[in-house]
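with the input below, show me the fold.
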Amino acid sequence: MHWDVTSVKPLDGHRIYVELADGRRGVFDLTPYLNHGVFRELQDPVYFRRVGIQFGAVTWPHDQDIAPETLIAEMTLMEPLQAC
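Numbers count the residues shown, from 1 in each chain. The predicted structure follows:
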């Protein structure tokens, strides 16, 4: 799907860099989620860096995930890459 995550990288400050199948890319800040339910585990920097992609979604090993709609609505978009 056009909103599938194709790349994710952990960043400092509990943020992740994401690239979507439709070419959008940006940074998503998880700080507002860290004191809620299953997301508390993401406070651990070692565990936070275990971020990955499963079925096109951002996930962590203990079933934490970010809904694509939330990711798209709340990430800070970056300019598209320019062809050289």
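
in stretch 70-82, what counts as buried?
Leu71, Ile72, Met75 (16 or more other C-beta atoms under 10 Å). Where you see a C-beta, it was placed from the backbone N, CA and C, and this is true even at glycine.

format these as TSV; extra columns: secondary structure and pLDDT.
TSV is the format used below for the buried residues of stretch 70-82 (DSSP: H, G, I helix; E, B strand; the rest coil; pLDDT from 0 to 100):
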residue	secondary structure	pLDDT
Leu71	helix	92
Ile72	helix	91
Met75	coil	96
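
gap between the lowest-mean-pLDDT helix or strand in the chain and the chain center?
Among the helical and strand segments of the chain, the one scoring lowest on mean pLDDT, DSSP states H and E is helix 68-74, with a mean of 90. When distances are taken as C-alpha atoms, centre = their mean, to the nearest Å, helix 68-74 is centred 9 Å away from the chain's centroid.

which helices and strands does the next helix or strand after that helix pack with?
Following helix 68-74 in sequence order, the next helix or strand is strand 76-77 (DSSP states H and E). Under the contact criterion of 3 or more C-beta pairs under 8 Å, 6 or more residues apart in numbering; DSSP states H and E, strand 76-77 touches strand 25-29.
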